[in-house]
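*Asks:* structure for this input, please:
(2 chains)
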Amino acid sequence: MAIPWTEVWEITWRSLRVAGAATFLAALLGLPLGVWLGARPRRGGCGAQVVLYAAMGLPPVVVGLVFYVLLSRSGPLGGSGLLFTQTAMVLAEAVLAFPMVAGFTMAGVRARAEGVRRLVRGLGGSERQVLTTLLWESRRPIVAALAAGFGSAISEVGAATIVGGDIRHHTRVLTTAVVLETRKGELQSALALGAVLLGVTLVVTAILVVWGEKR
Amino acid sequence: MKKLVFLATFFSLALAGGSMRLATTTSVNDSGLLDYILPGFTRETGVEVQVIAVGTGQALAIAGRGDADAVLVHAPSLEAEFLRAGKGVAHACLAYNNFVIAGPAADPAGVARAADAVEAMRRIYESGVLFISRGDNSGTYNREQQLWRAAGLDPRGQPWYLESGSGMGATLTLASEKSAYTLTDLGTYLFMKDKVALADLFNRPERLMLNQYSYMVVNPERFPGLNTEAAYRLRAYLLREDVQRKIGSYLKDRFGQSLFNPLFGRCLVEVQP
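*Replies:* Numbers count the residues shown, from 1 in each chain, chains lettered A, B, ... in the order given. Next up, the predicted model:
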C-alpha cells in the first residue's frame, strides 16, 4: 500500500463527516418538503414530482462547477473564503443529496397518504393525527430516502474534486483519493480505498435500515 | 500514539503559522516531490502548504481567479502570458528535466531513429500509429502542440490522434493499453515505468524537449486576503541552495538519475512577460 493505514482512516473519517453533514443538511430541508408534497391531497399536476425526479440526475460536476464559480475569490461569494474547504464540499453534496431525500420521501408518503387518511378520518381522527400516523407508517421509505441521500453524497467525486481540491489532510476524501491513486498508477491502493468506501456505505446503510425496522 | 503526537504538533504548528495554497501540476505532486520537500518548510516556518494538484492550465486558471497564493507549473509560454496579464509576480525557475516520447518497444514508427524531436513527431504522423494526446491545456499538452507546430503538422481530426483528457499517469496507462505513442514528462514516466508497457523511445536533452518548472506568486494587488507573505517565504525556501540540492536528490538512488534537476533560479528557457 502506498498510503499508510492511519491516513486511510483519516480520509475515511473525513468522508463520513462530510457526507454525513451533507445528508443532515439535505434532510433538514428535504424531509419536510417531501412529507408536505406527499401528504397533501392530490390535485392533478405532478410538476413537483417531475422537478424532484429530474434533479436526482443532477450531474455532480455541474453542481461543483456552479459552487466553484460562486465561491471563487472572483465570484459573488468570494469573500467567504470557502472554496477548497470541507464546508464547500458539504454544501455541494447537500444539493446533490437533497432531491434524493425529498423525492423518495415524497414517493413513500404519497403511496400511503390516501389509505391512512381514509382510515384515520374514518375512526374520527383529526388531520393532525393523519399526519403523525402517516409519518410513522412512512418510516421505512424515509430511511431509504436518507440512505439514498447519503449514498449519493459519499460516492460523488466530481463536485468534491472541483470545490474541495483534494488537499491532503484537508479536503481529501475516499473518492478523490481513489482518483489520485488511479492517476498515479497505484491500482492496489485505489482498489483498497474503493473497498473501504463500499464498506463504509454498507455499514451506514445497515445502521439506518436496522434503526428503521426496529421501531 | 507517536502518530497522534506528530499530527498534533503538525496541526498546532500549522495553526501558528497559518496556511497557504499552492496550485500545481500533477507531475510534481503525484511523483511525491512535494511531500518530500514541503514538510521541511512547514517545520521551519509553521506555514502549512495546501497543495491543489491539477494540470498547468487549470492551476493557472485557479490562481488567476485568486483561489491560490502561488503556482508551481511547467509551461513557459503560459507563464509569460500569466505575467503579462499582471496575474503573477516574482517568477522563479526551480528545476528541469525533459519531455520524453514514450511508445511500444517495437517502435513501429521508428521514433528512436529520428534525428531530432521534430522528425520524431513527423514519423509518428506519417506512420499513422495511435498517438494519445492529453488534450487538456496542461504543460505537457502545450509542449506537444508546440512540437506539432514546429514540424508544420496538424494532427487534429486524424483517426490515429486520440485525446485522453486526463492526467499524465492515466494517459500513460491508456497509451500502454492501446500500444500508442504519447508525450510525457520524464518524472511521471520514470515513476510509472514499472506499471506500463512503454519504452522511452525519444529521451534526449534537446532544447524543444526541455521541461522547466517555475514558481510564481499570485499578484496580491488583484485580490484581498491572499497569503502573499507565505508565498514569498516558500519561494525563498524553494530557491535556497540546500533545498535545491534536496530537489535534485529526490529518488536519484532509485532511478539512477535526477527526476528534477535544480536550476538555482537560473532559467534555461527565458520567461519574459
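*Asks:* going forward, measure contacts and count neighbours with C-alpha atoms only.
*Replies:* Will do.
*Asks:* chain A contacts on the stretch 151-273 of chain B?
*Replies:* Residues of the stretch 151-273 of chain B lying close to chain A (Cα under 8 Å from any Cα of the partner chain) are B:167, B:168, B:169, B:170, B:173, B:192, B:195, B:223.
*Asks:* what's the nearest residue to residue B:170 if we skip its chain neighbours?
*Replies:* Once flanking residues are discounted, residue B:170 sits nearest to residue A:183: 5.1 Å by Cα to Cα, 6 or more residues apart in numbering or on different chains.
*Asks:* need the contact list for the one you found.
*Replies:* Residues in contact with residue A:183 (Cα atoms under 8 Å, 6 or more residues apart in numbering or on different chains) are B:30, B:167, B:168, B:169, B:170.
*Asks:* ok, now residue B:158?
*Replies:* Not one residue lies near residue B:158 by Cα under 8 Å, 6+ apart.
*Asks:* list the buried residues of the longest strand along chain B.
*Replies:* Ranked by residue count, the top strand of chain B under DSSP state E comes out as strand B:88-103. By neighbour count on 16 or more other Cα atoms under 10 Å in any protein chain shown, the buried set for strand B:88-103 is B:88-89, B:91-103.
*Asks:* pull it out as PDB, backbone CA atoms only.
*Replies:* Extracted in PDB, the C-alpha atoms of strand B:88-103 (Å, rounded to 0.1, in the frame of the first residue of the first chain):
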ATOM      1  CA  GLY B  88       1.600  36.700 -11.300                       C
ATOM      2  CA  VAL B  89       4.800  38.200  -9.900                       C
ATOM      3  CA  ALA B  90       8.200  37.100  -8.800                       C
ATOM      4  CA  HIS B  91       8.700  34.300 -11.400                       C
ATOM      5  CA  ALA B  92      11.500  31.900 -10.500                       C
ATOM      6  CA  CYS B  93      12.800  28.800 -12.300                       C
ATOM      7  CA  LEU B  94      13.100  25.900  -9.900                       C
ATOM      8  CA  ALA B  95      14.000  22.700 -11.700                       C
ATOM      9  CA  TYR B  96      14.000  21.000 -15.100                       C
ATOM     10  CA  ASN B  97      14.000  17.600 -16.700                       C
ATOM     11  CA  ASN B  98      13.000  16.800 -20.200                       C
ATOM     12  CA  PHE B  99      10.000  15.500 -22.100                       C
ATOM     13  CA  VAL B 100      10.100  12.000 -23.500                       C
ATOM     14  CA  ILE B 101       8.300  10.400 -26.400                       C
ATOM     15  CA  ALA B 102       7.100   7.000 -25.000                       C
ATOM     16  CA  GLY B 103       5.600   4.200 -27.000                       C
END
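*Asks:* so which residues of chain A form strands?
*Replies:* Counting by DSSP E, chain A yields no residue ranges for strands.
*Asks:* where in it is pLDDT low?
*Replies:* Low-confidence segments of chain A (pLDDT under 70): A:1, A:43-45, A:215.
*Asks:* the longest helix in it is where?
*Replies:* As assigned by DSSP state H, the longest helix anywhere in chain A is helix A:86-122.
*Asks:* and the residue in chain A sticking out farthest from the centre, how far from residue A:132?
*Replies:* What lies farthest from the middle of chain A is residue A:124; by Cα atoms, centre = their mean that is 38.1 Å. Note on residue A:124: its distance to residue A:132, by Cα to Cα, to the nearest Å, is 15 Å.
*Asks:* try residue A:107
*Replies:* For residue A:107, the distance to residue A:132 equals 17 Å [Cα to Cα].
*Asks:* and if you look at residue A:13?
*Replies:* 35 Å.
*Asks:* quick one: which of the two has more around it?
*Replies:* Taking other Cα atoms under 10 Å in any protein chain shown, residue A:13 and residue A:132 do not tie; residue A:13 has more neighbours (14 against 11).
*Asks:* which residues does the more buried one contact?
*Replies:* Neighbouring residues of residue A:13 by Cα under 8 Å, 6+ apart: there are none.
*Asks:* please name the residues that touch the residue lying closest to residue A:142 once chain neighbours are set aside.
*Replies:* For residue A:142, ignoring the flanking residues on the chain, the nearest one in space by Cα to Cα, 6+ apart is residue A:105 at 5.2 Å. Taking Cα under 8 Å, 6+ apart, we find residue A:105 in contact with A:31, A:34, A:35, A:38, A:141, A:142, A:145.
*Asks:* my read: the fourth one touches residue A:106, true?
*Replies:* Yes - with contact defined as Cα atoms under 8 Å, residue A:38 counts as touching residue A:106 (4.4 Å).
*Asks:* those two - which one has more neighbours?
*Replies:* Neighbour totals were compared for residue A:38 and residue A:106, and residue A:106 leads with 28 against 25 (other Cα under 10 Å).
*Asks:* the closest residue to chain B within chain A and residue A:7, how far apart?
*Replies:* Residue nearest to chain B within chain A: residue A:183 (4.9 Å; Cα to the nearest Cα). Distance, residue A:183 to residue A:7, by Cα to Cα: 18 Å.
*Asks:* residues from chain A in reach of chain B?
*Replies:* For chain A, the contact set with chain B under Cα under 8 Å from any Cα comprises A:72-74, A:83, A:165-168, A:170, A:180, A:182-185.
*Asks:* switch to 6 Å and redo it
*Replies:* Within chain A, the positions near chain B by Cα under 6 Å from any Cα of the partner chain are A:73, A:74, A:165, A:167, A:183, A:184.
*Asks:* is residue B:237 in a helix, a strand, or coil?
*Replies:* At residue B:237 the chain is in helix, as set by DSSP: H, G, I helix; E, B strand; the rest coil.
*Asks:* please tell me how far it sits from residue B:45.
*Replies:* As judged by Cα to Cα, residue B:237 and residue B:45 stand 10 Å apart.
*Asks:* residue B:97 too?
*Replies:* 29 Å.
*Asks:* re earlier: could I get the phi/psi values of the residue farthest from the centre of chain A?
*Replies:* Reported as degrees, to the nearest 10, the phi and psi values for residue A:124 are phi 90, psi 20.
*Asks:* could I get the contacting residues of it?
*Replies:* Under the criterion of Cα atoms under 6 Å, 6 or more residues apart in numbering or on different chains, residue A:124 has no neighbours.
*Asks:* farthest pair within the buried residues of strand B:88-103?
*Replies:* Checked with Cα to Cα, these reach their widest spread between B:89 and B:103, with 38.1 Å between them.
*Asks:* on that earlier part again, can you redo the residues of the stretch 151-273 of chain B next to chain A as a markdown table with secondary structure?
*Replies:* Compiled in a markdown table, these are given as follows (three-state DSSP):
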| residue | secondary structure |
| --- | --- |
| B:167 | coil |
| B:168 | helix |
| B:169 | helix |
| B:170 | helix |
| B:173 | helix |
| B:192 | helix |
| B:195 | helix |
| B:223 | coil |
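*Asks:* now the buried members of the residues you listed.
*Replies:* If we count by 16+ other Cα under 10 Å, these have these buried: B:167, B:168, B:169, B:170, B:173, B:192, B:195, B:223.
*Asks:* burial of residue A:195, as a residue count?
*Replies:* Neighbour tally, residue A:195, other Cα under 10 Å: 13.
*Asks:* for residue A:202, same thing?
*Replies:* Residue A:202 has 14 neighbouring residues, counting by other Cα under 10 Å.
*Asks:* with the one 3 residues further on instead?
*Replies:* A count of nearby residues for residue A:205, using other Cα under 10 Å, gives 19.
*Asks:* what sits closest to it if chain neighbours are left out?
*Replies:* Closest to residue A:205 by Cα to Cα, 6+ apart is residue A:147, at 5.7 Å.
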